[in-house]
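J.: Output the structure for:
(2 chains)
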There are 2 protein chains.
Amino acid sequence: MKLNEKGLLVVISGPSGVGKGTVRRALFELPNHHLEYSISMTTRPPRTGEVDGEDYYFVDRKTFEKMIEENKFLEWAEFVGNYYGTPKEIIEEKIAQGKEVVLEIEVEGALQIRKQIKDAVFIFIVPPGKKALYDRLTKRGTESDEKIRERINKAEKEFLLAHKYDYIVVNDEVTNAAERIMAIIRAEHAKTQRSIHNYLKMLEED
Amino acid sequence: MKLNEKGLLVVISGPSGVGKGTVRRALFELPNHHLEYSISMTTRPPRTGEVDGEDYYFVDRKTFEKMIEENKFLEWAEFVGNYYGTPKEIIEEKIAQGKEVVLEIEVEGALQIRKQIKDAVFIFIVPPGKKALYDRLTKRGTESDEKIRERINKAEKEFLLAHKYDYIVVNDEVTNAAERIMAIIRAEHAKTQRSIHNYLKMLEED
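T.: From the prediction side, this is the model:
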């Protein structure tokens, strides 16, 4: 029995190259979860096999720009000529329905959301050490030295933003990290500030 | 890998009759935990089978009263002519050693501890409804009507102290409640305020 029947927005973020995506996928593979993945919107054309409303919501630039103007994104950014964003309304609806919505997102986007949704849960995924991350970033293999240096510089800056998050989860082993996130979600529901309202209602009714 | 290597004091409390003891026992039966139960001190004589240092620390009144004077209890109280208390030093040592110490205690004692240990985790166990608790309190069977009324009055007052706790856990089903507490303990370790110090140290070292 959950006292907090409202949903929860769980924002999973962390420095570039830490393996956010892998952890998020492992989270969705855990048994008995009721998580929903938040689907981003983009103006980039779908790749072969990508499904609209599943991988992304694919829209044209005009639609996206109109939504920016109307403040319909929790966050958005432009990468290499394409827009990417998190539509606000869909997430708000799901949370009102009591769903747990998971968002996996870059540090910059996460901090944009923090300003808008105060009671979301912000989780910062970190590597078991800086070296582990650098190894990972350099071993992708396909990139130029300059590109790699850029990525490392970005990660260096992002590393220092941990204090803006509610939780720090070490990605030492993917399943461990996913289980820690699941524990955080369970614990957040039990937090007095989230559950006291329904608790007092329960006392009234009984 | 835990960033927070310090221990944690977990205070399990709740209104009289809610089943704190049962939940605490279920918690210690969960697999792979590293919890330690905090042993109380008392001046009441040991009952048959009770072991000093296991069920209680059994001491005489003089020793207990000296410890009160020296402020050596996190909380203490006198019931029916006997003292009961939680020795401070033992708990502080265990926490410094990185242990997770669980204390199961009445509401009054829990609130005394809250004033002394700011970073302990306070969990309020509640029944799935008031009626469930009253049924439980009246069905103990061995008590007079007056005694039962007293207990219910006490529980009524305690019900309203939920807001002084960090978490509210519904004891709908004992194992569920114990698992929720375990999730809270895991999540607390990942909290940024507990783990940022070691996280920054990790960045330095690597």
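J.: which residues of chain A fall in strands?
T.: A:8-13, A:35-37, A:41-42, A:57-58, A:73-79, A:82-87, A:100-104, A:121-126, A:167-170 (DSSP state E).
J.: quick one: which of those is nearest chain B?
T.: Chain B sits nearest to strand A:167-170 of all the strands of chain A, at 4.4 Å, using CB to the nearest CB. Glycine gets a C-beta too; all of them are placed from N, C-alpha and C.
J.: Export the strands of chain A to JSON lines and append columns for mean pLDDT.
T.: Output for the strands of chain A, formatted as JSON lines (pLDDT from 0 to 100):
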{"stretch": "strand A:8-13", "mean pLDDT": "96"}
{"stretch": "strand A:35-37", "mean pLDDT": "93"}
{"stretch": "strand A:41-42", "mean pLDDT": "96"}
{"stretch": "strand A:57-58", "mean pLDDT": "96"}
{"stretch": "strand A:73-79", "mean pLDDT": "93"}
{"stretch": "strand A:82-87", "mean pLDDT": "95"}
{"stretch": "strand A:100-104", "mean pLDDT": "95"}
{"stretch": "strand A:121-126", "mean pLDDT": "97"}
{"stretch": "strand A:167-170", "mean pLDDT": "96"}
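J.: Turn the ones you listed into JSON lines, including mean neighbour count and distance to chain B.
T.: Shown next, in JSON lines, are the strands of chain A (neighbours: other CB atoms under 10 Å in any protein chain shown; distance: least, CB to the nearest CB, whole Å):
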{"stretch": "strand A:8-13", "mean neighbour count": "24", "distance to chain B": "12"}
{"stretch": "strand A:35-37", "mean neighbour count": "16", "distance to chain B": "15"}
{"stretch": "strand A:41-42", "mean neighbour count": "20", "distance to chain B": "30"}
{"stretch": "strand A:57-58", "mean neighbour count": "16", "distance to chain B": "32"}
{"stretch": "strand A:73-79", "mean neighbour count": "18", "distance to chain B": "20"}
{"stretch": "strand A:82-87", "mean neighbour count": "20", "distance to chain B": "22"}
{"stretch": "strand A:100-104", "mean neighbour count": "22", "distance to chain B": "14"}
{"stretch": "strand A:121-126", "mean neighbour count": "25", "distance to chain B": "6"}
{"stretch": "strand A:167-170", "mean neighbour count": "26", "distance to chain B": "4"}
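J.: Export those as CSV, with columns for distance to A:Leu27.
T.: Listed next are the strands of chain A as CSV, based on distance: least, CB to CB, whole Å:
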stretch, distance to A:Leu27
strand A:8-13, 8
strand A:35-37, 7
strand A:41-42, 22
strand A:57-58, 22
strand A:73-79, 20
strand A:82-87, 18
strand A:100-104, 7
strand A:121-126, 10
strand A:167-170, 10
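J.: Return the helix or strand in chain A with minimum mean pLDDT.
T.: helix A:130-138 (a mean of 80; mean pLDDT, DSSP states H and E).
J.: In that helix, which of the residues would be classed as buried?
T.: Judged by neighbour count (16 or more other CB atoms under 10 Å in any protein chain shown), helix A:130-138 contains these buried residues: A:130, A:132-134, A:136-137.
J.: tell me which residues of the longest helix anywhere in chain A are tucked away?
T.: If you go by DSSP state H, chain A has its longest helix at helix A:174-190. Of all the residues in helix A:174-190, those buried under the rule 16+ other CB under 10 Å are A:174, A:177-190.
J.: Now the two most distant members of these.
T.: A:Val174 and A:Ala190 (25.4 Å; CB to CB).
J.: For chain A, which residues are neighbours of chain B?
T.: Within chain A, the residues that sit near chain B (CB under 8 Å from any CB of the partner chain) are A:1-3, A:123-124, A:126, A:128-131, A:159, A:162-163, A:165-170, A:172, A:176, A:179-180, A:182-184, A:186-188, A:190-192, A:195-196, A:199-200, A:202-203, A:205-206.
J.: make it 7 Å
T.: A:1, A:3, A:126, A:128-131, A:159, A:162-163, A:165-170, A:172, A:180, A:183-184, A:186-187, A:190-192, A:195-196, A:199, A:202-203, A:206 (CB under 7 Å from any CB of the partner chain).
J.: Who are the packing partners of the longest helix of chain A?
T.: Secondary-structure packing of helix A:174-190 (3 or more CB pairs under 7 Å, 6 or more residues apart in numbering or on different chains; DSSP states H and E): strand A:8-13, helix A:20-29, strand A:121-126, strand A:167-170, strand B:167-170, helix B:174-190.
J.: Let me know the distance separating A:Arg44 from B:Pro87.
T.: For A:Arg44, the distance to B:Pro87 (CB to CB, to the nearest Å) stands at 63 Å.
J.: my bad, should have said A:Lys20
T.: For A:Lys20, the distance to B:Pro87 - CB to CB - is 45 Å.
J.: can you check A:Lys118 too?
T.: Note on A:Lys118: its distance to B:Pro87, by CB to CB, is 41 Å.
J.: got it, and A:Asp135?
T.: 48 Å.
J.: Could you do A:Asp55 as well?
T.: 58 Å.
J.: Isn't A:Phe64 up against A:Thr43?
T.: Yes - counting by CB atoms under 7 Å, A:Phe64 sits close enough to A:Thr43 to count as a contact (5.1 Å).
J.: Which residues are in contact with each of those two?
T.: By CB atoms under 7 Å, 6 or more residues apart in numbering or on different chains, A:Phe64 and A:Thr43 have these common neighbours: A:Tyr83.
J.: higher neighbour count, the two?
T.: A:Phe64 (23 against 19; other CB atoms under 10 Å in any protein chain shown).
J.: which ones are touching the residue nearest to A:Ile12 when sequence neighbours are not counted?
T.: Leaving out its chain neighbours, the residue that sits closest to A:Ile12 by CB to CB, 6 or more residues apart in numbering or on different chains is A:Glu104, at 4.7 Å. A:Glu104 sits next to A:12, A:20-21, A:24 when contact means CB under 7 Å, 6+ apart.
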